[in-house]
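*Asks:* Just need the structure, nothing else, for what follows:
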Amino acid sequence: MRLRDPIWRFALRALAWLAPCFVLWYLAAPWYDRPAGWLARILIDLWRDGVVDSVEYQARLVTFVTSLEVQSQGGIGRLVLEVNPLLYGFGAPLLMALLLASRARWTKIALGLVVLIPFQAWGIAFDALTQVLRDAPGLAPRAGLTGLRAEVAALAYQLGSLILPTLVPVVLWVVWQRPFIEAELLSRAAASPPPPPSGA
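*Replies:* Residues are numbered from 1 along each chain as shown. Alright, predicted model coming up:
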C-alpha cells in the first residue's frame, strides 16, 4: 500500500469519517427515522389501502397497528407489526462519510440524507408486509399479499434490505462527486510515480 496514492488516502479519510458518522446517525435515528416511517405507511396504503390504522415510534422501532384482526388468548386483537428502521437506514452514515472524505459541502450532505429517506421507507414498508406473510399467512389476502403480489412483496423486501441501503449511497456519491473522483482520485492516481523496485 502506498499512502501517497490519492485513492488510498481517500479510503483512509472515508474510514476515519465512518465511525463518527455512524455514532451521529445512531443518536439522531429516533428523529431521522420518523419521516421514513411516515412515508412507509403511505407505501403500505398504496399497496392496500386501510391495512394500517396508526404508526407508533418507541424503543427505536416503528410499530404499525393494523386493521387485521387476529385471535389471541384474550379474544380478538389487532395485528401489530414492528420494524427496526436502523436495518434500512445505515446508508446515511455511509453517504456522509463518503461525502465528507471527498470534501463535499454540508448542503449536499443534507440533501443526500433527505434523498435516502424514500429508500429507507421502502425497506420498512416491505419488511412490515412480509411479516404478514411470515407470521399471519391467513391474513395475507386482506393485506393484498396473494399470488404474484406476494412474490413481488418478497422480492421488494430483499431489494430493500440487501441492495438499496448500500448501493444507493455509493451511486449518489459517484454521481454527485464525479468531478472530485476524476480530478482528485483518477487523474492523480494515474500521474503518481510507480513504486520503486523491491530490490532498489
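
*Asks:* And stretch 171-179, how far out from the chain middle?
*Replies:* Put simply, stretch 171-179 sits 18 Å off its chain's centre (C-alpha atoms, centre = their mean, to the nearest Å).

*Asks:* Could you export it as CSV, CA atoms only?
*Replies:* Output of stretch 171-179 as CSV, limited to C-alpha atoms (Å, rounded to 0.1, in the frame of the first residue of the first chain):
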residue,chain,number,x,y,z
VAL,A,171,-24.4,5.7,-6.6
LEU,A,172,-25.3,9.1,-5.2
TRP,A,173,-21.7,9.8,-4.2
VAL,A,174,-20.4,8.8,-7.7
VAL,A,175,-22.9,10.9,-9.5
TRP,A,176,-22.6,14.0,-7.2
GLN,A,177,-18.8,13.8,-6.7
ARG,A,178,-17.8,12.9,-10.2
PRO,A,179,-15.6,16.0,-10.7
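
*Asks:* Now do that stretch, average pLDDT.
*Replies:* The predicted model gives stretch 171-179 an average pLDDT of 94.

*Asks:* For it, give me every contacting residue.
*Replies:* L95, L98, L99, S102, A104, K108, G112, V115, L116, I181 (C-beta atoms under 8 Å, 6 or more residues apart in numbering). From N, CA and C alone the C-beta is placed, and that goes for glycine too.
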